[in-house]
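Undergrad: sequence plus the predicted model coming up.
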Amino acid sequence: MDSLAPGSGAAGWGPAAGSEPTDTRDPLGLLDLFGDPFVRDPYPWLDLLRSESPVHHDPATGLWLVSRHQDVRRVLLDSERFHPDNAQHAVTPLPIAVLRVLARVGFTLPPALANNGTPSHSGLRRVVTRFFNAQRVAAAVPVIESIADELLDGVRSQLDTTDGCDLFTSFAQVLPCRVLMEVLGIRGVEPATLIRWSDASLELFWGRPPLERQLELAELVAEFHQWLTATVRSDTVPADSFIGALARHRLPDGRPLDAETAVAACFFVFIAGQSTTGQLIATVLRRALEEPGRWPRMAGAAGPAEAWVEEVLRREPPVTTWRRVTPQATRLGGVALPAGAQLLLMLMGSGSDPEVFPKPEQMCPNRANIRHHLAFGAGRHRCPGASLARTEAAVALRAAARRLPDIRPAAGAGEPPMLGLLSFRAPSKVAVERA
């Protein structure tokens, strides 16, 4: 049975009181991409943007918000008119004190993957995709299942001895980190440390933290970069690991890949390969638990879990936006854009475009056109780890439903705290208890 999706107004899924725009003269003038109303329930705002101002300049951030599916897809596919150079720029300017912390370890992110529009991109992307191709993903399934079972043993033990458990910190967050370490041959660091470094990087570059918090985050990011640099330069890296493959890679002119670019590639892949997948799993689990009757249906054979994951990706993806920049003046959606315009592609909003997805507010697993969503991007920069992320989320959901058939959302927990960064949104807690 189809169900109402987040933000549709169903009990427990609709906008919080006061979250909808109320200023009829200029409701978009109240939009704050980091504010609690938008983070809690972005759908009314995304609908308003799409219908009233599909290419909208946001004065608070200086970004042009692109919200219609056809416009977002056009930008993603046209790498000549819309460049990826700004994809990893800090959205909140970093003060001198923070830059000093990063400079101390030589922090730099030269063009490598998501921010690379140069001829070196295709070769580097081939290195990455070799570790995430269909054969590798299929081979990883037993590894994912084994780690999932181990983690769920701990969850069951916790539920046996306490009143409840957080499925995010005990399961959803840890599973993709450990899987990624196995798939890429990452050694010499604890999963908890890699998670801490990754989360700090996301918050520093995609958040709006105050100065004191920026300084704390910068110290963690500096540690991460320092460890990556030492690992990339090490002579003991296994040849069959991801870093080993980067060490053998040659640029288009035949030169070996420099250490700085190898570090930048690792920085992106190590974060994207586990933090965003953990966020996806958290949302998949939360939504399946909240909908009456959905959880037990996820425990069966392959199919239902995969379909649910895909529909969550459409409506509530972990990567909610992505950025592009115009190298020269152009037009998009009937709007003139100047050279240097910073675009924010509303990936989440595009998945609820009624021109593409009928009744987008309803969760409809097995939609005929479900793969038309843009949760993983499109074109030459489409996420190379999409297949692994989908597989991990489906395996995690199926395993949790099988091993924990008697759980439910914790009573009185209310709405969970949400990660509300510019490009990332997910519950940072999935509290459950025995039914």
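TA: Cool, got the structure.
Undergrad: all helices of the stretch 51-200 of the chain, in order?
TA: Secondary structure of the stretch 51-200 of the chain (DSSP state H, counting those that start in this stretch): helices at 69-77, 96-103, 120-130, 134-161, 167, 174-184, 191-206.
Undergrad: go on, the stretch 251-400 of the chain?
TA: Counting by DSSP H, counting those that start in this stretch, the helices of the stretch 251-400 of the chain are 259-272, 275-290, 294-297, 304-315, 347-350, 386-403.
Undergrad: ok, residues contacting the following helix or strand past the last one?
TA: Helices and strands here follow DSSP states H and E; after helix 386-403, the next one along the chain is strand 407-409. With contact meaning Cβ atoms under 8 Å, 6 or more residues apart in numbering, strand 407-409 is reached by 159, 286, 289-290, 295, 431-435. Placement of C-beta: from N, CA and C, glycine included.
Undergrad: and the helix or strand following strand 407-409, what's buried?
TA: For strand 407-409, the following helix or strand on the C-terminal side (DSSP H and E) is strand 418-420. Within strand 418-420, the residues scored as buried using 16 or more other Cβ atoms under 10 Å are 419-420.
Undergrad: how about residues contacting strand 418-420?
TA: Counting by Cβ under 8 Å, 6+ apart, 34, 36, 38-40, 279, 425-428 sit against strand 418-420.
Undergrad: could you identify the pair within the contacts of strand 407-409 that is furthest apart?
TA: Leu159 and Glu290 (18.3 Å; Cβ to Cβ).
Undergrad: before we move on, back to that, now the contacts of strand 418-420 in a markdown table, with secondary structure, pLDDT and neighbour count?
TA: Converted to a markdown table, those look like this (DSSP: H, G, I helix; E, B strand; the rest coil; pLDDT from 0 to 100; neighbours: other Cβ atoms under 10 Å):
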| residue | secondary structure | pLDDT | neighbour count |
| --- | --- | --- | --- |
| Phe34 | coil | 95 | 17 |
| Asp36 | helix | 94 | 13 |
| Phe38 | helix | 95 | 19 |
| Val39 | helix | 95 | 18 |
| Arg40 | helix | 95 | 16 |
| Gln279 | helix | 98 | 26 |
| Arg425 | strand | 96 | 22 |
| Ala426 | strand | 97 | 28 |
| Pro427 | strand | 97 | 22 |
| Ser428 | coil | 96 | 16 |
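Undergrad: ok, the residues you listed vs Ala239, which is closest?
TA: Nearest to Ala239 among the contacts of strand 418-420, with distances taken as Cβ to Cβ, is Gln279, at 32.1 Å.
Undergrad: looks like that closest one contacts Phe424 (just checking).
TA: Yes: between Gln279 and Phe424 there is a contact under Cβ atoms under 8 Å: 6.4 Å.
Undergrad: which residues do those two both contact?
TA: Pro318.
Undergrad: of the helices of the stretch 51-200 of the chain, which approaches Asn369 most closely?
TA: Among the helices of the stretch 51-200 of the chain, if distance is taken as Cβ to Cβ, the winner is helix 69-77, at 10.8 Å.
Undergrad: same for the closest one, what does it pack against?
TA: Under the contact criterion of 3 or more Cβ pairs under 8 Å, 6 or more residues apart in numbering; DSSP states H and E, helix 69-77 touches strand 330-332, strand 342-346, helix 347-350.
Undergrad: now with 7 Å, please.
TA: Judged by 3 or more Cβ pairs under 7 Å, 6 or more residues apart in numbering; DSSP states H and E, the packing partners of helix 69-77 are strand 342-346, helix 347-350.
Undergrad: shaky segments in the chain?
TA: 1-25 (pLDDT under 70).
Undergrad: can we see that at 80?
TA: 1-26, 413 (pLDDT under 80).
Undergrad: who's in contact with Leu220?
TA: If you count contacts by Cβ atoms under 7 Å, 6 or more residues apart in numbering, Leu220 has them with 196-197, 200.
Undergrad: rerun that using 10 Å as the cut-off
TA: 101, 193, 196-201, 203-204 (Cβ atoms under 10 Å, 6 or more residues apart in numbering).
Undergrad: re earlier: most packed of the helices of the stretch 51-200 of the chain?
TA: helix 167 (a mean of 26; mean count of other Cβ atoms under 10 Å).
Undergrad: bridged to Arg434, which residues?
TA: Counting by DSSP bridges, Arg434 is bridged to Ile407.
Undergrad: surely it touches Gly164?
TA: Yes: contact criterion Cβ atoms under 10 Å: Arg434 and Gly164 qualify, at 8.2 Å.
Undergrad: who touches both of the two?
TA: Joint contacts of Arg434 and Gly164 (Cβ under 10 Å, 6+ apart) are 407, 410.
Undergrad: neighbour count for those two, which is higher?
TA: Gly164 (16 against 13; other Cβ atoms under 10 Å).
Undergrad: that one touches Ala410, doesn't it?
TA: Yes: assessed by Cβ under 10 Å, Gly164 is found in contact with Ala410 at 4.9 Å.
Undergrad: quick check: neighbours shared by those two?
TA: Joint contacts of Gly164 and Ala410 (Cβ under 10 Å, 6+ apart) are 431-434.
Undergrad: list the contacts for Ala336?
TA: With the criterion set at Cβ under 10 Å, 6+ apart, Ala336 makes contact with 55, 329-330.
Undergrad: burial measure for the closest residue to Arg248 other than its chain neighbours, as a count.
TA: Nearest residue to Arg248, sequence neighbours excluded (Cβ to Cβ, 6 or more residues apart in numbering): Ala239, at 7.7 Å. The tally of other residues near Ala239 (other Cβ under 10 Å) stands at 10.
Undergrad: circling back to that earlier point, mind giving me the ChimeraX command for buried ones among the contacts of strand 407-409?
TA: Buried residues within these, by 16+ other Cβ under 10 Å, are selected in ChimeraX with:
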select :159,286,289,290,295,431,432,433
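Undergrad: would CSV of the contacts of strand 407-409 with distance to Phe267 be doable?
TA: Formatted as CSV, the contacts of strand 407-409 follow (distance: Cβ to Cβ, whole Å):
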residue, distance to Phe267
Leu159, 36
Arg286, 28
Leu289, 33
Glu290, 34
Trp295, 37
Ala431, 32
Val432, 33
Glu433, 38
Arg434, 41
Ala435, 42
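Undergrad: thank you, goodbye.
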